[in-house]
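K.L.:
predicted structure and sequence below. I'll ask about it afterward.
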Amino acid sequence: MTGKDLEIHWIHGLIAIILSLSLLVAVPHMPFRMGVMELTTRILSIPEYPSVLLRNSIHNVSLWFEDEMELEMELESLRLENIRLKGILGTEKAQTLIRSMDEQTSRARITFRSPSSWWAEVRINRGKKDGMSVGLPVLQNGFVVGRVAGVENSSSWVELITSSSMMIPVVVDETRELGVIVGDGLGKTWLLYLPESSEVARGMTISTALVSEMLPPGLPIGRLDTSLSKRIAGTKAFYVQLGGDLSRLFDVDIYNPQEALSQ
Amino acid sequence: MIWIGASWLFQDILQAFLTQNILAPEYFLLFLLYRTLSQEGSGKSSIWIAFIGGILWDLRWTGLVGMSSGLYIVAVLILNWIWHLFPGTGKTPLLLALLVWFGALNIYLARVFVWDIPVFPFYTGFLVQQLCLLPAVIIIYVYYSWKVASQNG
């Protein structure tokens, strides 16, 4: 490029800059300014359309994900609230049941508890003459601790819930899942046959199930303690904290619905 | 010439995509500077292309008609002047690539100064801009190297 070319180049440049500055000063005062800008925008909006569409789609997708996350969180909080409400309802139902059972039970005293079968059976001072029959539920403070296994004239034998031969179909009140409670003969009880995907949580209440022919349904048994679990017969078993206290078993209530009905 | 028009349109489409978030990378200026520096005697037409491109940009995006055209023309004038300060042997592809990138970078800083963009979007926008410009600068470097080599060879 020669010196003259450079000179022309600079002259063109300076003219263009002066024009630009003039437009910068003059255009804001021109009445047709908005019309020209509007026209430019309208013309360019045609090639810009796919990009605007893409931007809006991305925006909508991100909003959809945000909404989805909010819904998930809301669902989770509702689920937890539902469990809490079920828990409250279960407690209220249990209290009502305890009150009605108080009216339908007869008190019996423990007369014998053999050290060799400490967690398996006890003898009580009520027998056939007192209306005892095999299969009646035995309660302590409103919670099932066993059932009548043998009846004599003036005494009966009660098989305790911790006995390894005792299996009771039960229901988890909050999730309505069915399982079976079994004792280990060592003072502990375990809930069996819940699926691996079960959503049971610590503190959920357990009561006798409708599917049982051994015991009437709805009798409270205790609470789940999911922090303790082990595998029994190839299935996951959860520890059940009994409502009754088998270490302080001095007297029990015998629940006899037939007797209540006859009264 | 078609490439310059295409780069303007691409920058416009990109700005439509990034609206209200980040300033689009200055592809138009990048390719305009490349044309100015790499083609002898294209200075005059480059100035008027810069003028028209800037006016259109302002009509579409800034509303300050004459601002972008002024900035573009100043960039073309100054970089063309710097480029011609170097002797023929010193006009390497690397120097050309650095100059066009330097021009685009300064226009971004000028825009930031004029529009008073807050600090955080400034850095984010700057990084995004430069990252988007980098491939174009590399393409310019490689293409000009190939062009020089084929002319010499």
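P.N.:
Good, I have the coordinates. Numbering: from 1, shown residues only, chains lettered A, B, ... in the order given.
K.L.:
where's B:Pro135 relative to B:Gln39, distance?
P.N.:
22 Å (Cβ to Cβ, to the nearest Å). The way it works is simple: take the backbone N, C-alpha and C, and place the C-beta from them, glycine included.
K.L.:
the closest residue to chain B within the stretch 101-250 of chain A: what's it in contact with?
P.N.:
Nearest residue of the stretch 101-250 of chain A to chain B, counting by Cβ to the nearest Cβ: A:Glu199, 42.7 Å away. Contacts for A:Glu199 (Cβ atoms under 8 Å, 6 or more residues apart in numbering or on different chains) come out as A:Thr175.
K.L.:
can you check B:Leu133 too?
P.N.:
B:25-27, B:30, B:101, B:104.
K.L.:
so is stretch B:56-63 next to chain A?
P.N.:
Yes: on the criterion Cβ under 8 Å from any Cβ of the partner chain, stretch B:56-63 is in touch with chain A at B:56, B:59-60, B:63.
K.L.:
for the record, mean pLDDT for that stretch?
P.N.:
The average pLDDT for stretch B:56-63 rounds to 88.
K.L.:
check which residues of it are buried.
P.N.:
Residues B:56-61 are the ones in stretch B:56-63 that count as buried (16 or more other Cβ atoms under 10 Å in any protein chain shown).
K.L.:
try stretch B:124-140
P.N.:
B:125-126, B:128-129, B:132-133, B:136-137, B:140.
K.L.:
any stretches of the stretch 151-263 of chain A with poor pLDDT?
P.N.:
Low-confidence segments of the stretch 151-263 of chain A (pLDDT under 70): A:212-214, A:233-234, A:257-263.
K.L.:
now do the stretch 1-150 of chain A
P.N.:
A:1-2, A:98, A:100-105.
K.L.:
which parts of it are helices?
P.N.:
With DSSP state H, counting those that start in this stretch as the criterion, the stretch 1-150 of chain A has helices at A:3-26, A:33-104.
K.L.:
of the ones you listed, flag the one that's most buried.
P.N.:
Mean neighbour counts were compared across the helices of the stretch 1-150 of chain A using mean count of other Cβ atoms under 10 Å in any protein chain shown; the top stretch is helix A:3-26, at a mean of 15.
K.L.:
how about it, does it get close to chain B?
P.N.:
Yes: Helix A:3-26 reaches chain B (Cβ under 8 Å from any Cβ) through A:5-6, A:8-10, A:12-13, A:16-17, A:19-25.
K.L.:
got a list of what the closest residue to A:Ile17 other than its chain neighbours touches?
P.N.:
Spatially, and ignoring its direct neighbours in sequence, A:Ile17 is nearest to B:Ile73 (5.3 Å; Cβ to Cβ, 6 or more residues apart in numbering or on different chains). B:Ile73 sits next to A:13, A:16-17, A:20, B:47, B:50-51, B:54 when contact means Cβ under 8 Å, 6+ apart.
K.L.:
hang on, B:Ile73 in a helix?
P.N.:
Yes: per DSSP: H, G, I helix; E, B strand; the rest coil, B:Ile73 lies within a helix segment.
K.L.:
from A:Thr205, how far off is it?
P.N.:
Computed as Cβ to Cβ, the B:Ile73 to A:Thr205 distance reads 82 Å.
K.L.:
could you break chain A into its assigned domains?
P.N.:
Following automatic domain parsing, one gets these domains for chain A: A:3-58, A:97-262.
K.L.:
tell me how many other residues surround the residue in chain B positioned nearest to chain A.
P.N.:
Nearest to chain A, among the residues of chain B, is B:Gly66, at 3.4 Å (Cβ to the nearest Cβ). Residues near B:Gly66, counting by other Cβ atoms under 10 Å in any protein chain shown, number 23.
K.L.:
that one against A:Ile17, yeah?
P.N.:
No: using Cβ atoms under 8 Å, B:Gly66 makes no contact with A:Ile17, being 9.4 Å away.
K.L.:
so how many other residues sit close to A:Thr205?
P.N.:
If you count neighbours by other Cβ under 10 Å, A:Thr205 ends up with 20.
K.L.:
and it, how close does it get to A:Lys86?
P.N.:
A:Thr205 sits 9 Å away from A:Lys86, going by Cβ to Cβ.
K.L.:
so which of the residues of helix A:3-26 next to chain B is the closest to B:Gly90?
P.N.:
Taking Cβ to Cβ as the measure, A:Leu6 is the one of the residues of helix A:3-26 next to chain B closest to B:Gly90, at 17.2 Å.
K.L.:
was I right about the closest one contacting B:His84?
P.N.:
Yes: between A:Leu6 and B:His84 there is a contact under Cβ under 8 Å: 6.7 Å.
K.L.:
what residues are up against B:Lys147?
P.N.:
B:Lys147 is in contact with B:Ser38, counting by Cβ under 8 Å, 6+ apart.
K.L.:
that one: which element?
P.N.:
B:Lys147 belongs to helix B:119-152 when assigned by DSSP states H and E.
K.L.:
circling back: nearest to B:Gln11, of the helices of the stretch 1-150 of chain A?
P.N.:
Each of those has some distance to B:Gln11 by Cβ to Cβ; the shortest is helix A:33-104, at 11.2 Å.
K.L.:
how far is the closest one from where the chain is centred?
P.N.:
On the basis of Cα atoms, centre = their mean, to the nearest Å, helix A:33-104 sits 21 Å off its chain's mean C-alpha point.
K.L.:
looking at the buried residues of stretch B:56-63, spot the one nearest A:Pro137.
P.N.:
Closest approach to A:Pro137 among the buried residues of stretch B:56-63 (Cβ to Cβ): B:Trp61, at 82.3 Å.
K.L.:
element containing the nearest residue to that closest one once chain neighbours are set aside, please.
P.N.:
Ranked by Cβ to Cβ, 6+ apart and with sequence neighbours excluded, the top spatial neighbour of B:Trp61 is B:Gln15, at 6.2 Å. For B:Gln15, the host element (DSSP H and E) is helix B:2-18.
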